[in-house]
Structure formats: C-alpha cells, structure tokens
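**Q** Just need the structure, nothing else, for what follows:
(one chain, ligands or ions: 1)
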Amino acid sequence: MSRRVVVIGGGLAGIAAAVRLADEGWNPIVLETRKKLGGRATSFPDHRSGQSLDNCQHVLMGCCTALLSLYDRLGVSDQIEWHESLYWQREDGGVDLLKPGMLPAPLHTARSFGRMKLLDRSGKSEIRRAMWKLLRGGHRLRQDYRGRTFGEFLSDLNQSAETIRLFWDTVIISACNLPCHQVAAEHGMQVFQEAFLPGRWAGTMGLSMVPLADLYDPAESIILEAGGALRLGCSVREICLEQKRAVGVMTADSMERGDAVISTVPPDRLAKLLRDDVRAQDRRLAHLEDFQFSPILGVHLHFAEQIMELPHLVLAGRPVHWIFNKGVDGQGRQHLHAVISAADEWMSLDEGEILERVMDEVRMALPMSEGLEPITVRAVKEKRATFSATPEIEPHRPGAGPGAIGVKGGDVESLFIAGDWCDTGWPATMEGAVRSGYRAAGAFAGTDPGIEEVPAGWLAHRLGVDR
Ligand SMILES: Cc1cc2nc3c(=O)[nH]c(=O)nc-3n(C[C@H](O)[C@H](O)[C@H](O)COP(=O)(O)OP(=O)(O)OC[C@H]3O[C@@H](n4cnc5c(N)ncnc54)[C@H](O)[C@@H]3O)c2cc1C
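**A** Below you'll find the predicted structure:
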C-alpha cells in the first residue's frame, strides 16, 4: 500500500476528509480546480469595494458538531462569533427579539416567543401545537413522514397560510434553501428538533469574523506535514479504474495514483468523471442526474455611513430573507449583506434590477437608509447553490463507501463518495459536507467517523427531542 489517498475537490467535504486522513496517518493528495480551498463556502477579492468578500454569508449553529470539530482541528474556532438572539423584522416596521431565557430547553425561547408581535394569538398557538408534535415525535416522526414534504406535515397540523409565510417558511427557506412545500419533511423537522428544541447552545448562530477562505489556511500545513499534497488549479478529468477498482485519477498532465479515491465534487461533476457503463454498475452512482439544484443570491452593499445598528435582521415573510451587518470600516463605511435563498425568481434579473428590489427591502427595514444609495454593490448569483433536498431525492443520496455486493454486481471498489449531497441526514449545509468528508475518510480507513450530536437538555430529552 502506498498510503496515498486521492481526494477530488477542496471544498469543506474534501478538507474534512483530507484532514481526517492526515490525522490517521495517510497521505491525502487533494486536487482542486480552483486556486483556493473552500468550494462554495469561500471568499473572493472584490475590486469594487477593495475587500475580500464571502460569496455569501454562511451561517452555522451550535448543533453543527462536525463543522465545529473541523474548525477546532484547524485552530480557527475563535474566529466564529456567536449570536444567541435573533432579530425578526416585522412588516409593520417593528423588530421582535427571539432569545433564550432562564427556562430549561425546550422552553428556553418560550417567553420571548410569547412577546413577539409578528404573529397573533392564533398563529402562536398553531406554532406551539406543531412544536409539541415535533418535540414528542422525535426521530420516529421523521420516519413517519418519509417521502412527504414538510408542508404536508404543516398542513396535517392545520397551520394557516399566514403562519407558514411569516414563521415556518422564513426559517425553512433560510435553513434548507427550499420552501416548506418542497423540502423533505425530515429536514424541516430536523431544523426544529436539532437546532431549536434541544437547548440554547444548539440554536446559537455562528458567523465567521474573517473571510471564509481564511478559515481553511491551516488545512494546507496539516496535509503537507502528513506527507500529502495540495494541488490547487488542478482539475480531475477522469477517475481511473483497473478492473472495478479505483486506482487514481487523470488530470490534464498526469495520473495521480492512490490506494483509494475520495470524490467530494457535486453529483453533476462526478457524473463527468466516470464512464456510463461503470456508473450503471455502482448503486451509489445511478441517480446522479436526478439531483436538482436551488439558487441563492447574496448582495453586498457598502454605504458611506452607518445605517444599521443591530447585528442582523431576519425579514419575516419578505422576498429578501436576511440582512447581515458586516461592520463599519475605519472610514465610516458600512458593509451590509442581503441574502435571498431559494432565489429562482431572481436569477434572470440584472444587477440594477436586483439592487432596486433589495433596496426596497433595505428601506423598509432600515429607515436610516432613506434617501441613500450604496456606494458599491456586488450581487453574487449562485445558480446551483445547493441540491434540492426534496422527498424524491432522499432515497438516492449515496453512502460513502462501496457495498460488498452492489445491486448490479458490485460497486467500484476503493471509490469513496462525499459532498453535501450524500447521505448525511442533513440538507445541503457546511455541516453536511463535513460529515460526509469524515464518513468517507472513516469508510476508507475503517475507523469511526467520530461525529457526535449535541446532547439535549434534561427536560428536552425527557420530552422526546433526541429519541
Ligand atoms: C450562496 C450559498 C450560501 C450558502 N449558505 C450556507 C449557510 O449559510 N450555511 C451552511 O451551512 N451552508 C450554506 N451553503 C451550503 C454550503 O456552502 C455547502 O453545502 C458546502 O460548502 C458544500 O461543500 P462540499 O465540499 O460538499 O462541496 P463544494 O463546496 O462544491 O466543493 C467541491 C469542490 O470540488 C471542486 N471540483 C469540482 N470539480 C472538480 C474536478 N473535476 N477536479 C477537482 N476539483 C473539482 C470545486 O471547485 C469545489 O471546490 C451555502 C451555499 C451557497 C452556494
């Protein structure tokens, strides 16, 4: 054995797989098309503002245990800023605060939820009823609703259209990049069962204080010190097989051999790296074309003066979902970032049209912006931001390792698959990507991927949260 493992892709799944392999004594050879690590969760130099901007604000939560363990390993956990309070912008111009109080989970946000003016009394009692069902149902509820959408679950609980618009869709579109009527019920339920209900830490929101790309710098030395290699600007053209065994990959100028190949690229990319007849024989690769994608639009705005004081705003029921306050620089210029998830309707707009619509929302939420125009704008469209986590695709998300006997005569040996679209139990998120990377490394090395869940508080546990 050479102890070399070829990792295709340097996004979070690839970084997680490579770092884990390095720590277990293997030599990961990471090949990444772009000139930097991070994949979809990264930054780019913006010439208009002169800053390094994230392609989009990336939010994590306390329940993202695998991602946090990776940040720990990279030594960058102290670059994450944590927010317990969420500020909800109402359409009447007021702001509601949702924050944990003294009561034990799952009641920790009950008091501030009760004070929110976003919903009337009947809307709140609809939500309480649904939360109780989610709490008591635990994992079994997710199984019961397999093959159905979260919207069907809400409809079974008689949630009104207004409650769905103002509350459920506001949360689910941001978390899953699909509205309730499209997202698989298990993922909608997961958001509340794993982030909102178990305890105050699970639902605490984390934001990077540095450009995302900076978080991954330490990965390079970990890989190199383990005897591995990092090839940036290097595209894999084909996964090479001998018999039905993956033995390496072909790039533009060489073949990289390894004991195994871990692919961490999205499904449409992976489809191009293997011959059709090979794919047809590996049950994990049979449905790569069935994955659909959902877009996200991020709009960076710089203003000459400060117009926002709160750290962020959740725009409940609005076309723009979040405004993040990215701070004021030394010259007093404020940087805001507006995020639109499930942004299908925005993809055909040009930057001027996008700005007009975004500024309507900014003016509604931030009265201090009245009469002001941003001094720089950068709209970043990510058409294939995440795979669509619908009920139809769930059964086709592949596991990491080859099975002993595939449905049609055996999977490709030594080929391991990772990426946020794989069978991680999570929708397309940084957490899902890291879990998939750890699982692929564990499946190859025969070790435990070492993924822990955030434990629920005593009352939440007793009431059924993690059962
Ligand atoms: C706009 C936007 C906003 C988001 N917001 C959030 C959020 O708030 N919170 C959250 O948790 N998640 C968010 N996500 C999702 C998150 O970014 C992804 O789930 C995660 O980064 C996916 O990581 P990955 O490693 O699976 O895939 P990728 O990041 O896509 O990595 C795959 C890598 O493979 C490389 N590659 C492709 N083909 C080849 C080839 N042939 N050879 C070599 N390399 C190749 C690519 O360049 C890429 O770097 C967001 C995504 C987007 C796009």
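**Q** Going by C-alpha atoms from here, please, whenever you check contacts or count neighbours.
**A** Noted.
**Q** Going along the chain, name the strands of the stretch 201-350 of the chain.
**A** For the stretch 201-350 of the chain, the strands defined by DSSP state E, counting those that start in this stretch occupy 205-208, 229-232, 236-242, 245-251, 255-257, 260-263, 293-303, 312-315, 322-328, 334-340.
**Q** Does the shortest one pack against any helices or strands, and if so which?
**A** Yep, that's strand 255-257 we're talking about. Packing partners of strand 255-257 (3 or more Cα pairs under 8 Å, 6 or more residues apart in numbering; DSSP states H and E): strand 4-8, strand 245-251.
**Q** mind running it again at 6 Å?
**A** Applying 3 or more Cα pairs under 6 Å, 6 or more residues apart in numbering; DSSP states H and E, we find strand 255-257 packed against strand 245-251.
**Q** Please work out the average pLDDT along the strand it packs on.
**A** Strand 245-251 carries an average pLDDT of 96.
**Q** thinking again about what came up before, list just the one of the strands of the stretch 201-350 of the chain that sits closest to Ser125.
**A** Evaluated over those, closeness to Ser125 peaks at strand 312-315, with 21.2 Å, by Cα to Cα.
**Q** Tell me which strands the closest one pairs with, and in which orientation.
**A** Paired neighbours of strand 312-315 in the sheet (DSSP bridges): strand 86-89 (parallel), strand 322-328 (antiparallel).
**Q** any idea which of the strands of the stretch 201-350 of the chain is most buried?
**A** Comparing the strands of the stretch 201-350 of the chain by mean neighbour count (mean count of other Cα atoms under 10 Å), strand 260-263 ranks first with a mean of 28.
**Q** Next, the angle strand 4-8 makes with the helix or strand that contains Ala22.
**A** Here Ala22 is covered by helix 12-23, with elements defined by DSSP states H and E. Inter-element angle recorded for helix 12-23 and strand 4-8: 170 degrees (by axes from the mean of the first three to the mean of the last three Cα atoms, to 10 degrees).
**Q** Helix 12-23 packs against which elements?
**A** Partner elements for helix 12-23 (3+ Cα pairs under 6 Å, 6+ apart): helix 430-445.
**Q** Which segments of this protein make up each domain?
**A** Following automatic domain parsing, the chain resolves into domains at 4-42+211-289+391-445, 99-203, 293-387.
**Q** Now distance to the ligand too, for those, in a markdown table please.
**A** Shown next, in a markdown table, are the domains of the chain (distance: least, Cα to the nearest ligand atom, whole Å):
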| stretch | distance to the ligand |
| --- | --- |
| domain 4-42+211-289+391-445 | 3 |
| domain 99-203 | 7 |
| domain 293-387 | 4 |
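**Q** Considering the ones you listed, which stretch scores lowest in mean pLDDT?
**A** Per-stretch mean pLDDT for the domains of the chain is lowest at domain 4-42+211-289+391-445 (a mean of 94).
**Q** what about the helices in the stretch 51-200 of the chain?
**A** With DSSP state H, counting those that start in this stretch as the criterion, the stretch 51-200 of the chain has helices at 65-74, 110-115, 121-144, 150-156, 161-163, 169-176, 185-190.
**Q** out of the ones you listed, deepest packed?
**A** On a mean-neighbour basis (criterion: mean count of other Cα under 10 Å), the most buried of the helices of the stretch 51-200 of the chain is helix 185-190, at a mean of 25.
**Q** Contact partners for Leu286?
**A** Small correction: residue 286 is Ala, not Leu. Shown in contact with Ala286 (Cα atoms under 6 Å, 6 or more residues apart in numbering): Ala280.
**Q** OK, contacts around Gly437?
**A** Ala13, Ala16, Ala17, Ala418.
**Q** In contact with the last one: list those residues for me.
**A** Spelled out, it's Ala418. Ala418 touches Ser263, Thr264, Ala400, Ser436, Gly437, Ala440, counting by Cα under 6 Å, 6+ apart.
**Q** List just the nearest of those residues to Glu373.
**A** Comparing those against Glu373 with Cα to Cα places Thr264 closest, at 41.2 Å.
**Q** count of neighbours near that closest one?
**A** Per other Cα atoms under 10 Å, the neighbour tally for Thr264 reads 29.
**Q** Touching, it and Trp421? I think so.
**A** No. Using Cα atoms under 6 Å, Thr264 makes no contact with Trp421, being 9.5 Å away.
**Q** Please report how far Leu415 lies from Pro211.
**A** For Leu415, the distance to Pro211 equals 33 Å [Cα to Cα, to the nearest Å].
**Q** In terms of neighbours, single out the busier of these two.
**A** More crowded of Leu415 and Pro211, by other Cα under 10 Å: Leu415, with 24 against 18.
**Q** The nearest residue to that one once chain neighbours are set aside and Cys63, how far apart?
**A** Spatial nearest neighbour of Leu415, chain neighbours left out: Val261 (5.1 Å); criterion: Cα to Cα, 6 or more residues apart in numbering. According to Cα to Cα, Val261 and Cys63 sit 30 Å apart.
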